[in-house]
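Colleague: just the structure for this:
(3 chains)
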Amino acid sequence: MASARTVQELSDAVAELTQGRLPARIAGAPQTPIEGVAGLESAQAADLSFLANLKYRQQALATRAGALVLDERQYAGLFPGGRAGGAAVVCDQPYAWFAYAAQVLAPPPAVRPGCDAGAAVASGARVDPAARVDTRAVIEEGAVVEAGAWIGPGCTLGPGSAVGRDTRLHAGVHLAAGCRIGRRGIVHSGAVIGADGFGFAPFDGHWVKIPQGGIVVIGDDVEIGANTTIDRGSAGDTVIGDGVKIDNQVQIAHNCRIGAHTVIAGCVGIAGSAVIGAHCQLGGASRIHGHLTIADGTVIGTCTLVSRSLPQADFYTGVFPIMRNRDWERNAALLRHLVELRDRVRRLERSAAGPTAPPTEHQP
Amino acid sequence: MASARTVQELSDAVAELTQGRLPARIAGAPQTPIEGVAGLESAQAADLSFLANLKYRQQALATRAGALVLDERQYAGLFPGGRAGGAAVVCDQPYAWFAYAAQVLAPPPAVRPGCDAGAAVASGARVDPAARVDTRAVIEEGAVVEAGAWIGPGCTLGPGSAVGRDTRLHAGVHLAAGCRIGRRGIVHSGAVIGADGFGFAPFDGHWVKIPQGGIVVIGDDVEIGANTTIDRGSAGDTVIGDGVKIDNQVQIAHNCRIGAHTVIAGCVGIAGSAVIGAHCQLGGASRIHGHLTIADGTVIGTCTLVSRSLPQADFYTGVFPIMRNRDWERNAALLRHLVELRDRVRRLERSAAGPTAPPTEHQP
Amino acid sequence: MASARTVQELSDAVAELTQGRLPARIAGAPQTPIEGVAGLESAQAADLSFLANLKYRQQALATRAGALVLDERQYAGLFPGGRAGGAAVVCDQPYAWFAYAAQVLAPPPAVRPGCDAGAAVASGARVDPAARVDTRAVIEEGAVVEAGAWIGPGCTLGPGSAVGRDTRLHAGVHLAAGCRIGRRGIVHSGAVIGADGFGFAPFDGHWVKIPQGGIVVIGDDVEIGANTTIDRGSAGDTVIGDGVKIDNQVQIAHNCRIGAHTVIAGCVGIAGSAVIGAHCQLGGASRIHGHLTIADGTVIGTCTLVSRSLPQADFYTGVFPIMRNRDWERNAALLRHLVELRDRVRRLERSAAGPTAPPTEHQP
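Modeller: Below is the predicted model of the structure:
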């Protein structure tokens, strides 16, 4: 998949991709040919690697990587006499530079334009001639597929749905009626976009379905993980901002709004009408109650339940610490009796305060 | 999608749907044409809206909705002189009335009878002529699809499976061999009904598969969310009662029994052979251990693990409260030492009790 | 599905399957015909059942099962005069014997060799003539399907992927480019193997995708549940060992390594580059942080978050115990103030220690 480039060519390509916003200098051996990327320890002569953190200094000194991306301070500290084993790419943000270089080395497969004969494309669907629709995909009436988009095998695009330019849907994605995804998106297999939200009114011992008349609107540059589900709005819409990255098996309920460039790790669940700010980070398996608001830039820890609005950005956590089960049994049992323990402390305090303290033990 | 009705026509239609069990009166402007539904703040002149709670009184007073559903007390309080801005529909259960009216305004698309030429229907399957099978669906031998049912694109119905009258399977649902769903059900994309349960016997350092010979039996009026999984029974069956509503990404293991009209929010996991009562509410991401019983009408909070039977209906919770991470670090560390803290309190109590207290500090 | 065998025939078949490693003796009535398996209470005359635990002794004495598997001690205790109601199969590991016997009674459907005319098989794919590819399956260029394998309807096999001998993919499984699964595996519907891992570098307020160039390598005898997702590696690979059993809706991130014969219950999430040992048991909905190591044989409780490496095998737990909500409200509120409670105890201790104690109250 990867095509060989010299370090110099890589650097030029990254400069072009980033329009010069990520300057780097090559410290020696600019003609080293690079074919792929690898971690410090497994990298070989034709690999590009990078240094995330100085705690890996030993691995960085020992790596066989043909080129190593790191920052100026790391470079000066580790290779005061230059890096003998290969090239070094020195820049302010090594990880970002590495990411762009990896994209250059391993671009996604080119989209072969055209609808496969085994696809089912409704006569009223509009598929751009420069888009690809694979076999067994189903494109229903009124759906739109823009140029450069790729609809993988077995995908279904409901009536009136829309896939933006250069967006790729892997095999088996379901985009329901009327839902839209923007440009340069990536949707992984099994994702379901636009199923009905979970809305019922209680009546007479049973539940009455509330039709879910909204849609899902997804911005540009959004990635959506495998088997993730994003429900359509009930009356209004569910909205995913530009640049949002969503991992696998995330559940986003109806009428949520996710701000731009927020990242959502695997197995997160967000209940209905939650409003998540921009540039947030939701840790894996965190859960967000419905009808609340989370400030821009908030970070939520793994497995944490957000049960109230968080108007101020911070790092929030709420998870029971892991213990050996025998310790947990004893500590968790006491957890059920914290109130009693507090009351015992209160009594001791009053007793210690002497005979002038009030006699009743149970006042708050 | 929505077709316009006057408020009077809507009221008549709801009365018919509910067979008169949800009486309402129209307070003024019965000929107002209504086309859709909306929240109080976004509603326009052709929208129906409703008042859930008096804390939204300002929005209710200000709404431009052509018709507003609310109860007698709310109506009297908010509009003592009548609602100038449009119609009011006054009834005991505004949310239920709103839900039925929304169904009238936005009925699901009509089912166009027939099997699409792109579907694969086994010769021994029985598809009612009044059912719809979409392209790329696969109906295997002995499967039965009743009148009015709709099998979406890319669905697979295993051998001997059955889909009841007027039940709709959205794109990409998998119903495995022998499994059955009743009438008027809705199954969303990516749901898998009837995969093998997780059953293995340990032997000699590995795991021996126990064949899963049971099926899944689903009642009438059941809704099942996107990417939800319901496993077939091992020897007996997995049973989902009438009127059960299941959200997205729920996992129901083999041999569970879910009582009628229970609602299960997103990301819930229920382990094998659990018996959940009727009219229960399982909060999002709650987890239920296997081989236990939960009483009818029990409510389980979000993210709560049910680790024992709950023979008495109540609202149960067990979740670590969210904190700023720096506070959590300090409090969670102490959580590992609750036993020691309790022991310190005990020593203080004994000390306070004076020299007559027993000398040993560690007795329970 | 089940084919009748006498108890003697069953015993012979199990002996053959296990190559004699699971010896058993038949105590009476070896010619009893057995057609299926059932629990003690529902078993009928043609059923095989087994005794898991002496707490079910009443059910074992009362069962109508034609044959009952139990161990020598249980047999001697329950049936000192022999089992009048039918056969008894006496062996050291009744559950394992039962599992093998159930496999004999209910073998999976035979694989009918050949590619269905409705499948889309690329000209450069290699499907063994003794494999089965069902309708609407898509096999892309360079994919390999070995003899005896079964590719269910609607599955997609990406370019260069490989399915080993006798492995079965149920309907709607997606195996991405280059990913491989070994022999005798079972993959349930909706599983997605080889979607991109979740890797992005932050830059300039947005996230830069890191191409995921690795694959997923799955060993022999692995079972993977419905809607489970296993991501491809970023640079290296994601590796699932032989004999691993994975339940539904499990998420395994890029570059994880799961040791042989580990079992992973439903809804588990494992973050990137975690290394799980062999013979571990991960309880339902447990969560594993990335870049950590768990020792062979470790057991993790339901819903527990593993936030650090566990170098020593043990049973670990960390979950908030369930309470009535009103009790939870009071106890959880105090949980936010454990530090203060500890400080109050500390002050009392100092006060009790008398005037010689240091005067400052806040020292650690």
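Colleague: can you pull out the helices in chain A?
Modeller: Using DSSP state H, the helices of chain A run over A:7-17, A:57-62, A:72-78, A:94-105, A:325-335, A:338-352.
Colleague: want to throw those helices into JSON lines with distance to C:V121?
Modeller: Quick note: C-beta positions are derived from backbone N, CA and C, even for glycine. Compiled in JSON lines, these are given as follows (distance: least, Cβ to Cβ, whole Å):
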{"stretch": "helix A:7-17", "distance to C:V121": "37"}
{"stretch": "helix A:57-62", "distance to C:V121": "45"}
{"stretch": "helix A:72-78", "distance to C:V121": "51"}
{"stretch": "helix A:94-105", "distance to C:V121": "31"}
{"stretch": "helix A:325-335", "distance to C:V121": "51"}
{"stretch": "helix A:338-352", "distance to C:V121": "63"}
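Colleague: mean neighbour count, those helices: which tops it?
Modeller: Greatest average neighbour count among those goes to helix A:94-105 (a mean of 24), per mean count of other Cβ atoms under 10 Å in any protein chain shown.
Colleague: can you confirm whether that helix lies near chain C?
Modeller: Yes. Between helix A:94-105 and chain C, judged by Cβ under 8 Å from any Cβ of the partner chain, the touching residues are A:95-96, A:98-100, A:102-103, A:105.
Colleague: one more: stretch A:61-69?
Modeller: No. Stretch A:61-69 stays clear of chain C (Cβ under 8 Å from any Cβ), getting no nearer than 10.7 Å.
Colleague: start to end distance for stretch A:320-339?
Modeller: 18 Å (Cα to Cα, to the nearest Å).
Colleague: how distant is it from the center of its chain?
Modeller: Relative to its chain's centre, stretch A:320-339 lies at 33 Å (Cα atoms, centre = their mean, to the nearest Å).
Colleague: do that stretch and chain C meet?
Modeller: Yes. Contact of stretch A:320-339 with chain C (Cβ under 8 Å from any Cβ) involves A:320-326, A:328-329, A:332-333, A:335-339.
Colleague: ditto for stretch A:18-27
Modeller: Yes. Contact between stretch A:18-27 and chain C, assessed by Cβ under 8 Å from any Cβ, occurs at A:18, A:21-22.
Colleague: what sits up against that stretch?
Modeller: A:7-8, A:11, A:14-15, A:69, A:75, A:79, A:82-83, A:87-93, A:96-97, A:100, C:203-204 (Cβ atoms under 8 Å, 6 or more residues apart in numbering or on different chains).
Colleague: for the stretch 151-300 of chain A, which residues are neighbours of chain C?
Modeller: Going by Cβ under 8 Å from any Cβ, the residues of the stretch 151-300 of chain A near chain C are A:152-154, A:170-172, A:186, A:188-190, A:221, A:223, A:225-227, A:243, A:245, A:247-249, A:261, A:263, A:265-267, A:279, A:284-285.
Colleague: and with 7 Å instead?
Modeller: Residues of the stretch 151-300 of chain A that fall close to chain C, judged by Cβ under 7 Å from any Cβ of the partner chain: A:153-154, A:170-172, A:188-190, A:223, A:225-227, A:243, A:245, A:247-249, A:261, A:263, A:265-267, A:284-285.
Colleague: quick one: is stretch A:48-55 near chain C?
Modeller: No. Stretch A:48-55 does not reach chain C (Cβ under 7 Å from any Cβ); its nearest approach is 8.7 Å.
Colleague: can you list contacts of that stretch?
Modeller: A:34, A:37-40, A:43, A:60, A:63, A:65-70, A:74, A:94-95, A:98, A:101 (Cβ atoms under 7 Å, 6 or more residues apart in numbering or on different chains).
Colleague: if we can go back for a sec, make a markdown table out of the residues of helix A:94-105 next to chain C and add distance to chain B and pLDDT.
Modeller: Below are the residues of helix A:94-105 next to chain C laid out as a markdown table (distance: Cβ to the nearest Cβ, whole Å; pLDDT from 0 to 100):
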| residue | distance to chain B | pLDDT |
| --- | --- | --- |
| A:Y95 | 23 | 96 |
| A:A96 | 26 | 97 |
| A:F98 | 28 | 97 |
| A:A99 | 27 | 97 |
| A:Y100 | 31 | 97 |
| A:A102 | 30 | 97 |
| A:Q103 | 30 | 97 |
| A:L105 | 34 | 96 |
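Colleague: rewinding a little: please pick the buried ones from the residues of stretch A:18-27 next to chain C.
Modeller: A:18, A:22 (16 or more other Cβ atoms under 10 Å in any protein chain shown).
Colleague: got the residues of stretch A:18-27 next to chain C as JSON lines, with pLDDT columns?
Modeller: Shown next, in JSON lines, are the residues of stretch A:18-27 next to chain C (pLDDT from 0 to 100):
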{"residue": "A:T18", "pLDDT": "96"}
{"residue": "A:R21", "pLDDT": "95"}
{"residue": "A:L22", "pLDDT": "96"}
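Colleague: filter the residues of stretch A:18-27 next to chain C down to just the ones in strands.
Modeller: Using DSSP state E, the subset of these located in strands is empty.
Colleague: from the residues of stretch A:18-27 next to chain C, which is closest to chain B?
Modeller: A:L22 (30.7 Å; Cβ to the nearest Cβ).
Colleague: which of the residues of stretch A:320-339 next to chain C come close to chain B?
Modeller: Answer for those near chain B (Cβ under 7 Å from any Cβ): A:320-321, A:323, A:335.
Colleague: can you pull the contacts of the residue nearest to A:G39 when sequence neighbours are not counted?
Modeller: Distances taken as Cβ to Cβ, 6 or more residues apart in numbering or on different chains place C:A235 nearest to A:G39, at 5.8 Å, with adjacent residues excluded. Contacts for C:A235 (Cβ under 7 Å, 6+ apart) come out as A:37-39, C:213-214.
Colleague: most neighbours out of these, which is it?
Modeller: A:V37 (25 neighbours; other Cβ atoms under 10 Å in any protein chain shown).
Colleague: was I right about that one contacting A:Y100?
Modeller: No. Applying Cβ atoms under 7 Å, one finds A:V37 not in contact with A:Y100, separated by 11.3 Å.
Colleague: per-residue pLDDT, the closest residue to A:T63 other than its chain neighbours?
Modeller: Counting by Cβ to Cβ, 6+ apart, A:T63 lies nearest to A:L40, which is 4.4 Å off, once chain neighbours are set aside. pLDDT recorded at A:L40 is 94.
Colleague: kindly report the same for A:G354.
Modeller: 70.
Colleague: measure it to chain B for me?
Modeller: Separation of A:G354 from chain B (Cβ to the nearest Cβ, to the nearest Å) stands at 12 Å.
Colleague: please tell me I have it right and A:R132 contacts A:P113.
Modeller: Yes. Using Cβ under 7 Å, A:R132 is in contact with A:P113, at 5.9 Å.
Colleague: before I go, just wanted to say thanks for your time.
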